[in-house]
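**Student:** from the sequence below, what's the structure:
(one chain, ligands or ions: 3)
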Amino acid sequence: MKKKIIVLGATGTIGKNTLDVIKNNPDLFELAGISAHSKKKELLKIAKEYNINKTALSGTNKDSDVLFSGEDAVIQLLLETEADIVVNGIAGAKGLLPSITALKTGKNLALANKESLVMAGEIIKETARKNKKSIIPVDSEHSAVFLLLEALRYKNIDEIILTASGGAFRNTPKEELQEVTPNQALNHPTWNMGKKITIDSASLANKGLEVLEAEVLFDLPIEKIKVVIHPQSIIHAMVRQTDGSLYAQLSYPDMKTPIQHALSYPDVLSHAPSPIDITQPMELSFYPVDNDKFPMLDIAYQAAGSRGKSIAFNAANEEAVDAFLCNKIKFTDIPYIVELVINHNWTNKVIDIEEVLLIDKKAREIAKTQIRKIVEKR
Ligand SMILES: NC(=O)C1=CN([C@@H]2O[C@H](COP(=O)(O)OP(=O)(O)OC[C@H]3O[C@@H](n4cnc5c(N)ncnc54)[C@H](OP(=O)(O)O)[C@@H]3O)[C@@H](O)[C@H]2O)C=CC1
Ligand SMILES: CC(=O)[C@@H](O)[C@H](O)COP(=O)(O)O
Ligand SMILES: [Mn+2]
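**Tutor:** Numbering: from 1, shown residues only. Ligands and ions are numbered 1, 2, ... in the order given. Predicted coordinates for the structure are as follows:
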């Protein structure tokens with residue numbers, strides 16, 4: 001039986017990589033539905049190529065060229081389409097409700113949209129538990145930890161270590177970060193990704209979100225979740241057992257590897273999307289994070305353990321990155337804005353999705369006020 005897959009964010013980087021994995025494994029996987037936000041032409045092209053009619057376009061009003069259109073299009077697609085797995089490759093906080101709906105409609109969730117877990121980790125896990133469905137991480141580091149923990153049978157785990165490439169400014173002196181441009185920040189050294197996550201890699205906010213994502217996924221105390229700079233992005237994560245042994249997962253920086261793993265799970269396929277050639281010389285190096293130069297990781301650690309602060313971290317960062325990409329604020333204003341927002345009096349426990357959305361909205365308002373103040377001053 002082929003697994004039926006819905007790809008949310010089919011026009012994005014995760015979406016396209018997922019479509020490649022499906023295309024490369026026609027006997028195993030079958031595309032059941034797709035969503036996009038603005039790229040209608042591209043969405044229709046994919047639908048034609050894969051011969052499907054379950055299409056959703058969320059960034060428009062009623063549009064008869066697609067099956068579902070408008071703000072609720074993704075939710076309608078999930079309600080009306082049978083599938084085994086939903087790959088959530090939507091960028092940002094808008095991925096949250098689709099994650100929950102995927103689980104509620106009885107589908108396993110292959111999750112790239114880390115924001116879902118940062119905003120509503122407990123609610124999503126409880127929804128998965130109630131509906132007897134799995135959350136399979138797609139984020140490369142979490143996919144690696146997931147694999148390693150399974151291989152080690154979750155026994156005697158001491159700590160997990162996520163690697164970070166260091167982003168576009170790993171070698172840029174701190175004093176020069178004031179004047180860097182969006183185009184410079186978008187020049188990721190190892191991965192080809194969407195704009196928002198690429199800016200987050202440059203500021204290390206991505207690693208901050210990933211620490212918060214790992215806190216939810218692996219149920220570990222935050223001091224057991226560590227980060228190390230590894231410029232080659234070959235090792236994606238490591239797990240240390242209590243006897244000191246350190247286990248690592250290695251693969252080239254190609255998202256098809258964790259995506260294939262998530263789609264085939266619990267099986268492992270007999271071929272690799274891009275196998276590592278160990279007959280070639282390969283350098284693997286590691287450095288500590290420079291927290292003074294990149295404060296976003298420390299700010300994320302401050303948000304750990306508090307769902308309200310985690311939501312605020314994500315919301316303020318999304319607003320600040322948007323403003324940076326529009327040249328309204330400087331790169332160095334991003335941590336200033338986010339720290340100011342998370343230092344408000346947010347609740348630690350969040351009960352339901354309505355409360356999540358309320359905190360998200362409030363945090364964005366505070367961030368936008370700060371952005372306006374910065375713009376007025378300059
Ligand atoms: N790229 C990567 O390698 C990795 C990404 N991730 C995570 O995966 C997610 C997607 O990232 P990435 O693929 O890089 O992003 P992209 O920007 O490349 O793609 C985003 C996708 O989401 C759609 N989209 C954008 N806004 C909305 C919205 N408001 N409602 C519904 N759909 C929307 C876009 O549609 P359209 O193009 O039509 O506008 C597009 O299909 C993020 O959460 C990211 O953190 C995690 C690990 C690795
Ligand atoms: C591919 C992936 O999982 C990204 O989240 C990646 O980790 C980003 O690179 P950084 O390590 O630079 O944040
Ligand atoms: Mn990652």
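**Student:** for the protein, what spans make up the helices?
**Tutor:** Counting by DSSP state H, the chain has helices at residues 13-24, 40-50, 73-80, 96-104, 114-130, 140-151, 182-185, 195-203, 205-218, 256-264, 296-303, 307-325, 333-342, 353-377.
**Student:** contact partners of the third one?
**Tutor:** Contact with helix 73-80 is made by 6, 8, 33, 35, 54-58, 66-68, 86, 90, 97-98, 101-102, 105, 107, as judged by C-beta atoms under 8 Å, 6 or more residues apart in numbering. C-beta here means a position set from N, CA and C on the backbone, and glycine is covered the same way.
**Student:** how close does the most centrally placed residue in the chain sit to Thr18?
**Tutor:** The centre of the chain sits closest to Lys114, judged by C-alpha atoms, centre = their mean, with a distance of 3.4 Å. Here the criterion is C-beta to C-beta, to the nearest Å. By it, Lys114 lies 16 Å from Thr18.
**Student:** for ligand 1, what are the nearby residues on the chain?
**Tutor:** 9-15, 36-39, 58, 74, 89-91, 94-95, 112-115, 139, 191, 193-194, 197, 255 (C-beta under 6 Å from any ligand atom).
**Student:** just the buried ones from these, in ChimeraX syntax?
**Tutor:** Listed next is the ChimeraX selection for buried residues among those, using 16 or more other C-beta atoms under 10 Å:
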select :9,10,11,12,13,14,15,36,37,39,58,74,89,90,91,94,95,112,113,114,115,139,191,193,194,197,255
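**Student:** which of the residues of the chain next to ligand 1 are close to ligand 3?
**Tutor:** With C-beta under 5 Å from the ion as the criterion, the residues of the chain next to ligand 1 include Asp139 near ligand 3.
**Student:** out of the residues of the chain next to ligand 1, name the ones that lie in strands.
**Tutor:** Ala36 (DSSP state E).
**Student:** contacting residues around the nearest residue to Glu318 once chain neighbours are set aside?
**Tutor:** Distance criterion C-beta to C-beta, 6 or more residues apart in numbering; nearest residue to Glu318, sequence neighbours excluded, is Gly92 at 5.7 Å. Gly92 sits next to 113, 115, 196, 318 when contact means C-beta under 8 Å, 6+ apart.
**Student:** and the helices of the chain as a markdown table, adding mean pLDDT?
**Tutor:** What follows is these, written out as a markdown table (pLDDT from 0 to 100):
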| stretch | mean pLDDT |
| --- | --- |
| helix 13-24 | 98 |
| helix 40-50 | 98 |
| helix 73-80 | 98 |
| helix 96-104 | 98 |
| helix 114-130 | 98 |
| helix 140-151 | 98 |
| helix 182-185 | 98 |
| helix 195-203 | 98 |
| helix 205-218 | 98 |
| helix 256-264 | 98 |
| helix 296-303 | 98 |
| helix 307-325 | 98 |
| helix 333-342 | 98 |
| helix 353-377 | 98 |
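**Student:** of all the ones you listed, which lies closest to Leu246?
**Tutor:** helix 140-151 (10.1 Å; C-beta to C-beta).
**Student:** can you check what angle separates that closest one from helix 205-218?
**Tutor:** 30 degrees (axes from the mean of the first three to the mean of the last three C-alpha atoms, to 10 degrees).
**Student:** for the stretch 1-150 of the chain, what lies in contact range of ligand 3?
**Tutor:** Counting by C-beta under 5 Å from the ion, the stretch 1-150 of the chain sits next to ligand 3 at 139-141.
**Student:** I meant to write the stretch 151-300 of the chain there.
**Tutor:** Residues of the stretch 151-300 of the chain lying near ligand 3 (C-beta under 5 Å from the ion): none found.
**Student:** residue in this structure nearest to ligand 1?
**Tutor:** Gly12 (2.0 Å; C-beta to the nearest ligand atom).
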